[in-house]
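**Q** requesting a structural model of the entry that follows:
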Amino acid sequence: MDIAAAALICLLGGVVAGLIGVGGGIVFVPAMTVLLSKGQVEAQATSLLMIALVSIAGTWRQTRYGNVSLKDAAMIGLLSPVGVLAGVLISNAVPERVLRIGFALLALYMAWRLLKRVFAPDEPSAGAGQPSVP
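**A** As a prediction, the model looks like this:
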């Protein structure tokens, strides 16, 4: 059962990563804690490795489409390890319940922000209302 659940989690996380541009952690972490009964720290740590692998595949494909800003990726890629190290230190110092609550609050906040964007009126595109020049 664990192998089938893990395979489903990986497939779903990969699809979500490809569709909405996340590393899959938004799917991986809750799925591992709920479906595979992993602890929050173990799920987060495992998710970090899974996200790295998913990100490599996604970046490779998106680079071929010309959708990757190498400058932004380099800056984020160079600064992120500092944040990861800080996060690891914090996650090992606080109770697991605090991590779960924090992750749930973050997920709810992001869901609220996404829903707010989905239901917001469409903004006119650049140049809307301007006559086209043949």
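
**Q** give me the pLDDT value at Asp122.
**A** pLDDT recorded at Asp122 is 82.

**Q** give me the number of residues near it?
**A** Residues near Asp122, counting by other C-beta atoms under 10 Å, number 5. C-betas here are computed from N, CA, C, even on glycine.

**Q** what does Ile20 give?
**A** Residues lying near Ile20 (other C-beta under 10 Å) number 10.

**Q** check the one 5 residues further on too.
**A** Per other C-beta under 10 Å, the neighbour tally for Gly25 reads 20.

**Q** tell me the spacing between it and Leu106.
**A** Separation of Gly25 from Leu106 (C-beta to C-beta, to the nearest Å): 10 Å.

**Q** need phi/psi at Asn67.
**A** phi -100, psi 10 (degrees, to the nearest 10).

**Q** cool, Val94 as well?
**A** Here is the backbone geometry of Val94 (degrees, to the nearest 10): phi -110, psi 160.

**Q** residue contacts, it?
**A** Going by C-beta atoms under 8 Å, 6 or more residues apart in numbering, Val94 touches no other residue.
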